[in-house]
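**Q** Just need the structure, nothing else, for what follows:
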Amino acid sequence: MPVMRSVSATSPRTPPGRAVVAAVLAGTIGWIGVVWIGLQLADQKAANLGFDLELLLRAGRDVAVGRSPYAADLLAGGAPLATSLFYSYPPPVAQLFSALAGVPSRLALVLWVVGAVAAFLVVTELLRRRLAPQRPSRQVLLVAAACLPLTLPFAVGVLFGNLDIWFPCLYGAMLLAAVAPERATAIGAGAALAAASLKLHPASIGVWFLSRAVREQDRGRRKAWVLVVVTAAVAVGIVVVLSVVLGGTGPWLDYVEVVRAGASAAIVDPRNAGIAAQVAGLVGGGDELARSLHVVVGAAAVLVTAWAAWRRTDPVESFAWAAAASLATLPVTWYHYPSAMIPIAAAAMLRASGENVRPVALLVTVAAVIAAVALVWLPLLWVAIGLIVMAARVSGARSTATAPVRAIG
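**A** Numbering: from 1, shown residues only. Take a look at the predicted model:
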């Protein structure tokens, strides 16, 4: 036995494959590029770097000194442009950011990005343990971190300081509960669903979990998926109560006015990838046509979510449909929203095996390339999203049976 331990301890580790080395090298160049662009934006007089995060920080500073975080013209009922910069999140977000009122904006942006990346890597490791425990953890995490800046919607979100850079973690936590429905993963997914729903559109994922629970015959899985929605509802309720206790009802009354004003926002804009807005713009229609069309689009998104939960057996593919549909539930879909599909791409790559590895890798790579090209023609963003759904489907062709799922017993 001592001899065996000695041999094992000195045995060389399997070197990383060429694909891993290439991905890490490309990702390193990608991160250098993101940092370089960030430094260029930081040198400009206009506050271009991290302007989305700056909105949240400014709202927090307003709350810290007793002011409303919402713009006066919105409270007066003025209809904003959907592409204009204004704070429109619920009051708890500004109240939370009031604790960061004294943190310099640049430092806050660095911490924001580092936190989002670290959180995604934690979720990736948990997915690896469930879907591909045979894969080396270090290599998986290196590739995952490297590929983030190569996904342009995420890279843009980093430069903007947008909340969506946390979506790879939040959607990944929900995906984890989809593939491994246990008490711990369900509670984590519920908390993630509550947090993601600050952007409103991810709330449709709750429909997926409920629909999945209804169709499920296994009692343990059914309990876990119901627990996700219950946890999310309880978390939202607790946050609202704490918000009212700390700040009173005034901020919430202001928020109602902002929502009412936002409902009349101009949404037909080349920067809005929303399906209804794109169709309306293509035919020369205006905002009224786009809002009318979105009634159909939004309903279809919810129906697709329920259909995927009911008809698509494989949990990764099924969740991929629901995640894609969640990006279309609101009339506005910004370029950085598809960051939500990153953990699905990671799961597809993790569980792909045998002859499926090459086509899954190709689908994910082409999706990243098309997402980059979508900067020129935004509707291509939906093609990239569709390719990730297809990658999830292809990856499950052989590996579904080899990925055991533990449930609440």
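**Q** how about low-confidence regions in the chain?
**A** 1-16, 45-47, 77-85, 398-409 (pLDDT under 70).
**Q** Next, name the residue at the spatial heart of it.
**A** residue 167 (2.3 Å; C-alpha atoms, centre = their mean).
**Q** That one touches residue 340, doesn't it?
**A** Yes: at 4.2 Å, residue 167 and residue 340 qualify as touching, with contact defined as C-beta atoms under 8 Å. No exception for glycine: its C-beta is placed from N, CA and C like everyone else's.
**Q** hmm, back to that, I'd guess the residue nearest to the centre of the chain is in a strand, am I close?
**A** No: using DSSP: H, G, I helix; E, B strand; the rest coil, the assignment for residue 167 is helix, not a strand.
**Q** That one and residue 335, how far apart?
**A** 13 Å (C-beta to C-beta, to the nearest Å).
**Q** now do residue 49
**A** 17 Å.
**Q** Equivalent analysis for residue 300, please.
**A** Applying C-beta to C-beta to residue 300 and residue 335 gives a distance of 22 Å.
**Q** Settle it for me: which of the two has more neighbours?
**A** residue 335 (21 against 16; other C-beta atoms under 10 Å).
**Q** what are the phi and psi values for that one?
**A** Main-chain torsions, residue 335, degrees, to the nearest 10: phi -60, psi -30.
**Q** quick one: it and residue 381 touch, right?
**A** Yes: proximity of residue 335 to residue 381 meets the contact threshold set by C-beta under 8 Å, at 6.7 Å.
**Q** For the longest helix anywhere in the chain, list every residue counted as buried.
**A** In the chain, with assignment by DSSP state H, the single longest helix is helix 219-247. Neighbour-count burial for helix 219-247 flags 220-229, 231-232, 235-236, 239, 243, 247 (criterion: 16 or more other C-beta atoms under 10 Å).
**Q** so which helix or strand takes in residue 300?
**A** helix 287-311 (DSSP states H and E).
**Q** can you count the residues close to residue 126?
**A** Residue 126, neighbours per other C-beta under 10 Å, totals 18.
**Q** Ok, residue 65 next?
**A** Around residue 65 there are 8 residues (other C-beta under 10 Å).
**Q** Distance check, it against residue 98.
**A** 9 Å.
**Q** and if you look at residue 193?
**A** 24 Å.
**Q** do the same with residue 140
**A** 38 Å.
**Q** Residue 329 too?
**A** 29 Å.
**Q** repeat for residue 138
**A** On the measure of C-beta to C-beta, residue 138 and residue 98 end up 39 Å apart.
**Q** centre of the chain versus the longest helix of the chain, how much separation?
**A** 19 Å (C-alpha atoms, centre = their mean, to the nearest Å).
**Q** and the next element down the chain from that helix?
**A** helix 250-262.
**Q** Other residues contacting the helix or strand following that following helix?
**A** Toward the C-terminal end, the helix or strand that comes next after helix 250-262 (DSSP H and E) is helix 275-282. By C-beta atoms under 8 Å, 6 or more residues apart in numbering, the residues outside helix 275-282 that reach it are 267-270, 272, 285-287, 289-294, 296-297, 328, 331-333, 378-379, 382.
**Q** Ok, stretch 345-355 next?
**A** Against stretch 345-355 from outside (C-beta under 8 Å, 6+ apart): 124, 127-128, 131-132, 135, 140, 144, 172, 175, 179, 316, 360-361, 363-364, 367, 388, 391-392, 394-396, 398-399, 402-403.
**Q** So which of those residues sit within helices?
**A** Those of the contacts of stretch 345-355 lying in helices (DSSP H): 124, 127-128, 131, 140, 144, 172, 175, 179, 316, 360-361, 363-364, 367, 388, 391-392, 394-396, 398-399.
**Q** Narrow these to those that are buried.
**A** Buried among the ones in helices among the contacts of stretch 345-355 by 16+ other C-beta under 10 Å: 124, 127-128, 131, 140, 144, 172, 175, 179, 316, 360-361, 363-364, 367, 388, 391-392, 394-396, 399.
**Q** what's the span of stretch 206-223 from first residue to last?
**A** 14 Å (C-alpha to C-alpha, to the nearest Å).
**Q** mind checking how far it is from the chain centre?
**A** 22 Å.
**Q** What of stretch 48-58?
**A** Taking mean C-alpha positions (C-alpha atoms, centre = their mean), stretch 48-58 and its chain are 19 Å apart.
**Q** Can you give the distance from stretch 231-251 to the centre of its chain?
**A** With C-alpha atoms, centre = their mean, you get 23 Å for stretch 231-251.
**Q** Kindly report the same for stretch 111-121.
**A** On C-alpha atoms, centre = their mean, the centre of stretch 111-121 falls 13 Å from that of its chain.
**Q** Identify the residues contacting it?
**A** Contact with stretch 111-121 is made by 50, 53, 103, 141, 144-145, 148, 158, 161, 165-166, 168-169, 172, 342-343, as judged by C-beta under 8 Å, 6+ apart.
**Q** which non-adjacent residue is nearest residue 146?
**A** residue 27 (2.3 Å; C-beta to C-beta, 6 or more residues apart in numbering).
**Q** For that neighbour, grab phi and psi.
**A** phi -70, psi -40.
**Q** Contacts only, for it.
**A** Neighbours of residue 27 in contact, by C-beta under 8 Å, 6+ apart: 143, 145, 146, 147, 148, 149, 150.
**Q** so the third one is in which element?
**A** If you go by DSSP H and E, residue 146 is part of helix 137-147.
**Q** Residue 31 too?
**A** Going by DSSP H and E, residue 31 is part of helix 18-43.
**Q** next structured bit after that helix?
**A** From helix 18-43, the next helix or strand downstream (DSSP H and E) is helix 51-64.
**Q** CA atoms only: put that next one into CSV for me.
**A** Taking C-alpha atoms only, helix 51-64 is exported to CSV below (Å, rounded to 0.1, in the frame of the first residue of the first chain):
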residue,chain,number,x,y,z
PHE,A,51,-23.2,53.3,-16.6
ASP,A,52,-25.9,50.7,-15.7
LEU,A,53,-24.3,50.0,-12.4
GLU,A,54,-23.9,53.8,-11.8
LEU,A,55,-27.7,54.1,-12.1
LEU,A,56,-28.0,51.6,-9.2
LEU,A,57,-25.3,53.3,-7.2
ARG,A,58,-26.9,56.7,-7.7
ALA,A,59,-30.3,55.3,-6.7
GLY,A,60,-28.7,53.9,-3.5
ARG,A,61,-27.1,57.3,-2.7
ASP,A,62,-30.4,59.0,-3.2
VAL,A,63,-32.0,56.6,-0.7
ALA,A,64,-29.2,57.0,1.7
